Every structure is written in structure tokens, then in C-alpha cells.
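J.: after the sequence you'll find the predicted model.
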Amino acid sequence: MTTTAKADYGIVIAGHGSRDPEGVLDFEGLVRLIKQRVPGQQHVTHGYLEFARPTIAEAVRANIAAGSRKLSIVPAVLLAATHAKNDLPSEVLALRREFPEVGIHYGAPLHLHPLVLRLFRERIIQAEAQSSSVVKRAETCLVVVGRGTTDPDANSDVSKLARMLEEGLGLGASFVCYAGTARPSVAEGLRLAARLGLPRIVVAPFLLFTGVLLKRVHAAADELAQRSRGHEVLKCDPLGADSHLADAFLERAAESVEGMAAMNCSLCKYRVQIIGYEQEVGTPQRGHHFHVRAGAADERPEKAGPQFELHPIERKSFEIIAAARDWSTFPEAERDVLKRLVHTTGDTGIVEDVFISAGALEAGLRALARRCPIATDVTMVQSGLRRTLLERFGIETFCAVHDEETRLLAAATGCTRSAAGIRRAWERFGNETVLAIGDAPTAVEETVRLVREHRWRPQLVIGLPVGFVGTRECKDQLRRCVHIPRITNRGTRGGSPWAAAVVNALLIRLAATRNGAENRAVNR
């Protein structure tokens, strides 16, 4: 280590946590290794964003209780993506407010640290040694599997890593795929790598520890090995608890205290306009692991997330709506949506004009439960969604109507920006999205066209645009589009508040369902 900071500060290793107990054990093994490499008076604690205890806040409190008056919180992540740029900084800000008398510093992610590169090379060499055959490096394809994020800067670093290893080790080729979120997936990437025709494929996961993702990677490699007789497939271990990693984390901690922690900001989507992510410039640092912070003082399941409650005026309004007509003929989920539409419009008569296809609400709830993104035609719909519930469930919203790429696409194809934005949602999310259209008939028309001509199958389409030109006709098209779950209405009425109201009804119902399940778990 070349840093000069004195060991007068505590260190908090901030992990993400894992649903897999083996992953948690691996992480804690690294923490033990770090503790062995620091002076006796330097306190090292660890915490998790989610899935495990202690929380990061608990780890900080324990370190302060042990006597530290200066702390370095080091993110135990490889690359700078959402966890390092938003979730963990929001934790640090909250802790600084809680402990103003303590100097709390935030370290940089490991990134492509030279020690990380050295360790990754060792894992590749160890995998090669597993084989009884000798294959030239020039006849080997290295498949580097990244975690996969929604941050193109972090994803591109995986490609940089692969290229550095390909050239440094003299490999015949390298290929990149991702275990989650980004594309190509592991299975797709391995299929494409096999087509290169090289006799050996080395599958190297760029992951810190074992866990759900690593097992997914190794399973895909085993499947390729079983069905492909023309290739030898070797699997690398994760980086794991190793002295190289321990030293790299300690270096990041010292850098943070010295004021030398350097983030990769030149292509950060939150600071500069990156193609396809222009709307995320200036996004505030706001974590989505609220259930962990709320659960720090109480492990009961009902504390796992904020409870959603109606404002007293809103509650009174719904009491009036409930008494305004007979709702018993509607299924419960449908009743929730219709009542919220009545609340939005102030008109109980609209109920007769609303069309909800069979199973549409159930499909929408399932999609939101697994965090499918919500794409809207205009920002008015996006801004009308319940932000607290979106954050609680970790659901992304997407509206491309004002993006530069959307403008270029609309100009090149002669369609409206709203229609071009829907096309971009199709390209970006495929079938894993919920559409909420509240303004533009052309957005509904584009959706129907993509469904019919390109077999697009979004999880739910809410088409409630307002207006007099093409509005009735596009709604009729959507109603007859039997391939997708859909909600629309007859006539010219509608609008962004209508579309947002339907999504909000589903979010509120999802919150109520989860709260009920959590409370039942407490009572058992």
C-alpha cells in the first residue's frame, strides 16, 4: 500500500448482502482477513444493504461505540453502479446527520484495481489447471460474466476488463455477458461465444463471492458443456476472500480518509448525458433499501417497509364514492381501480365506459411485484405515480418523450415523439414492462402496431388518452387487441391523471397485500 494515512480511523466494510448463506459467509471471511491485516487499535466492522444483518447503520454504530471518531465506509462492490452511486451514499448522508461529531468518509469501489486484475488472472490460471488437456491461449475464448446493472458506465468496465485480459494473456478471443439486468444474458453469451469455434471456453465470473448469481453462471456453463461436444468449458471461481482483495479494500479506505477517493465520473450517467440515459442526469442520491433502515431497530416483518396510508381527506372521499353506487357486482381488484378513477374524475358515470380485459389486473400486479418497469407516454403520467410506493418496491419508471434519441427517431420516421418513446420502451424492456398511456393516441396506435407486427407482449397496457383526434379509434384498436392484458375506455375522455390513477390503484393494492402477508407472518 502506498497511502500514508495513519491508522486513527475505523473501517466499515459495506456489503450488499445475499439470499444465499454461502455468499454471506464468504463476505464475512474477507472481513476476518481484513481485520488480521490492520493494527490492533483499528476497528473494523461490517454491515449489509439488505438480506443480512447487521445493517450498515448498525456496523457504524458499533464502530463508534468501540471508540472510533473517524470512519471510512468502503463499498464492497466491484464497479460503480447504483449501489455505489446512490444507495450507499444515501446511507452515508443519513449517518453523517446522525453522527455530526464523527468524521465519516466514503471510499471508492474496487473498480479495475491492479490487485483485482492480478487476482482475476489467478482465477483463470487455476481454472486452466483443472483440465487434463493442454490448449494454447490463442485457442481459448474467455467469457467474462459481469454482474449487470442499469448503469452503462459500469457495464462497459466489464468489457474493458475482458479486453485487458485478452491482450495481457494472449487469448484467442474474449466475450462479455451478464448475470443480471444487462444483456446478453449468461446463456445467450455462452451460445454466442461457442459460435466462435475455439476449442476451449473459460467462463470467468467477475463477482466477489459465491451466491445466487455465481450458481446461475456455473449452471449455464455446465449446460453448455453437456450439449456442446466441440468445446471444453472451464469454470472459474469468484474472487473470494483473498489477501489481494483485503489489501485493495484497505487501500480504498486509506484513500477516502486522505481525500483521495476517486470515482469514475467522466462517463457517469448521473453527471453527463450518456446516450439513452439523458433523463437520469442530476438524479438525487436516494437509496431504495428503506426496509433495511426501518428494520435496524426492530426485526419484526411489519417493520420491513413503510406502510401506506390514505390522507384523511382522501379516505373520506373514498367513503363517499363507496356509498355513491352499488359496487358489489365488481371483483375486488377491479373495484379498487374503478373507485380510484372515479376519485380522479369526480364522475361515477365513467365506470360504465371502462374496459378491463380478463386477468389484466392480476397480470399487472404480478408484473409490479417482480419490479417490471413502468413506461409512460408523457412525463405527466410519470409524475402522477406514487413515488413512495415506487421506491418501496424498487420499480423503475421510464418516459423517453423528451430524450434527444426520441426526437431524432421521430424526425427520421415521421411519427410523434410519444409514439417514438413507446418504440424505445419496446426496444429497451421487451415484454417485461407495464405501459401507462394517458395523453397520446399515437402512443396507443404504436403499441398495437408493435403487438401485431412484432409480437410485443407487454405485461399490461393502460391506454386512456384524451382528445378528439384519433382517440376513440385508438381505444377501439386496443380493446380488440386480444394478445395483451389491457385497460382502456370508450370515448374521448381520459388523460394522464387517469392512467396514473390505474397504476396507483395497483401499487396500493400490492402494498396492502404485502402488508397483510407481513402481519400474518408476525402473528404465526
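T.: Nice, thanks for sending it over.

J.: next one: residue 396 from residue 372, what distance?
T.: Relative to residue 372, residue 396 is positioned 9 Å away (criterion: Cβ to Cβ, to the nearest Å). Heads up, the C-betas are built off the backbone N, CA and C, glycines and all.

J.: quick one, which of these two is more surrounded?
T.: residue 372 (20 against 14; other Cβ atoms under 10 Å).

J.: list the contacts for the more buried one?
T.: Contacts were defined as Cβ atoms under 8 Å, 6 or more residues apart in numbering; by that measure residue 372 touches 395, 429, 432-434, 459.

J.: for PyMOL, write the select line for the buried members of those.
T.: To isolate the buried members of the contacts of residue 372 in PyMOL, using 16 or more other Cβ atoms under 10 Å:
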select buried, resi 395+429+433+434+459
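
J.: could you give the number of residues near the closest residue to residue 164 other than its chain neighbours?
T.: For residue 164, ignoring the flanking residues on the chain, the nearest one in space by Cβ to Cβ, 6 or more residues apart in numbering is residue 117 at 6.9 Å. Each residue near residue 117 was counted by other Cβ under 10 Å, and the total is 15.

J.: any idea which helix or strand comes after the helix or strand of the chain with the lowest mean pLDDT?
T.: The least trusted helix or strand in the chain, going by mean pLDDT, DSSP states H and E, turns out to be helix 290-294, with a mean of 47. The element immediately downstream of helix 290-294 (helix or strand, assigned by DSSP states H and E) is helix 312-324.

J.: what pLDDT, on average, does that following helix get?
T.: Taken as a whole, helix 312-324 has a mean pLDDT of 87.

J.: could you do stretch 468-480 as well?
T.: What stretch 468-480 shows for mean pLDDT is 96.

J.: and it, how far out from the chain's middle?
T.: On the basis of Cα atoms, centre = their mean, to the nearest Å, stretch 468-480 sits 34 Å off its chain's mean C-alpha point.

J.: do I have it right that residue 252 meets residue 107?
T.: Yes - under the criterion of Cβ atoms under 8 Å, residue 252 lies in contact with residue 107, with a separation of 4.2 Å.

J.: now do the shared contacts for those two.
T.: Applying Cβ under 8 Å, 6+ apart, one finds that residue 252 and residue 107 are jointly contacted by 72, 74, 261.

J.: which residues does the second one contact?
T.: Residues in contact with residue 74, defined by Cβ under 8 Å, 6+ apart, are 11-14, 107, 249, 252-253, 256.

J.: quick one: residue 188 and residue 176 touch, right?
T.: No - with contacts defined as Cβ under 8 Å, residue 188 does not count as touching residue 176, sitting 11.3 Å away.

J.: tell me which of these two has more neighbours.
T.: Between residue 188 and residue 176, counted using other Cβ under 10 Å, residue 176 has the larger neighbour count: 22 against 13.

J.: any idea how far that one lies from residue 142?
T.: Relative to residue 142, residue 176 is positioned 9 Å away (Cβ to Cβ).

J.: hang on, the earlier thing: in helices, which of the shared contacts of residue 252 and residue 107 fall?
T.: Among the shared contacts of residue 252 and residue 107, no member falls in helices (criterion: DSSP state H).

J.: before we move on, which element is the residue nearest to residue 164 in?
T.: Following DSSP H and E, the helix or strand that holds residue 117 is helix 114-129.

J.: other SSEs contacting that helix?
T.: Contact here means 3 or more Cβ pairs under 8 Å, 6 or more residues apart in numbering; DSSP states H and E; on that basis helix 114-129 packs against helix 152-169, strand 200-205, strand 232-235, helix 243-258.

J.: nearest to residue 68, out of these?
T.: With distances scored as Cβ to Cβ, the stretch of those nearest to residue 68 is helix 243-258 (11.4 Å).

J.: in that closest one, what counts as buried?
T.: Residues of helix 243-258 classed as buried: 244-257 (neighbour count, 16+ other Cβ under 10 Å).

J.: likewise for stretch 163-170?
T.: When burial is assessed from 16+ other Cβ under 10 Å, stretch 163-170 yields the following buried residues: 164-166, 169.

J.: Serialize those to TSV and add fields for distance to residue 198 and pLDDT.
T.: Conversion of the buried residues of stretch 163-170 to TSV gives the following (distance: Cβ to Cβ, whole Å; pLDDT from 0 to 100):
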residue	distance to residue 198	pLDDT
164	19	94
165	15	95
166	12	96
169	14	92
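
J.: got the contact list for residue 79?
T.: In this structure, residue 79 makes contact with 109-111, 146-147, 149, 154, 157-158, judged by Cβ under 8 Å, 6+ apart.

J.: so where do the strands sit in this protein?
T.: 10-15, 44-48, 70-75, 103-106, 140-146, 173-178, 200-205, 232-235, 354-356, 374-376, 397-398, 434-437, 460-463, 486-489 (DSSP state E).

J.: pipe those strands into CSV and attach mean pLDDT per row.
T.: Conversion of these to CSV gives the following (pLDDT from 0 to 100):
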stretch, mean pLDDT
strand 10-15, 96
strand 44-48, 96
strand 70-75, 96
strand 103-106, 96
strand 140-146, 97
strand 173-178, 96
strand 200-205, 97
strand 232-235, 96
strand 354-356, 97
strand 374-376, 97
strand 397-398, 94
strand 434-437, 98
strand 460-463, 98
strand 486-489, 97
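
J.: let me know the average pLDDT across the helix holding residue 117.
T.: Helix 114-129 comes out with an average pLDDT of 94.

J.: taking helix 152-169 as reference, get the angle to that helix.
T.: Here the directions of helix 114-129 and helix 152-169 differ by 60 degrees (axes from the mean of the first three to the mean of the last three Cα atoms, to 10 degrees).

J.: helix 114-129 vs strand 200-205, what angle?
T.: Here the directions of helix 114-129 and strand 200-205 differ by 140 degrees (the same axes, to 10 degrees).

J.: which residues touch helix 114-129?
T.: Applying Cβ under 8 Å, 6+ apart, the contact partners of helix 114-129 are 78, 110, 142, 161, 164-165, 168-169, 202, 204, 206, 234-239, 242, 244-245, 247-248, 251.

J.: change it to 6 Å
T.: Contacts of helix 114-129 with the rest of the structure, by Cβ atoms under 6 Å, 6 or more residues apart in numbering, involve 110, 202, 204, 234, 236-237, 239, 242, 244, 247-248.

J.: the residues you listed: which two are farthest apart?
T.: 234 and 247 (27.1 Å).

J.: among the buried residues of stretch 163-170, which one lies nearest to residue 28?
T.: Within the buried residues of stretch 163-170, proximity to residue 28 (Cβ to Cβ) peaks at residue 165, which comes in at 28.7 Å.

J.: so how far is residue 125 from that closest one?
T.: Shown here: residue 165 relative to residue 125, a distance of 11 Å by Cβ to Cβ.

J.: and what of residue 250?
T.: Residue 250 sits 25 Å away from residue 125, going by Cβ to Cβ.
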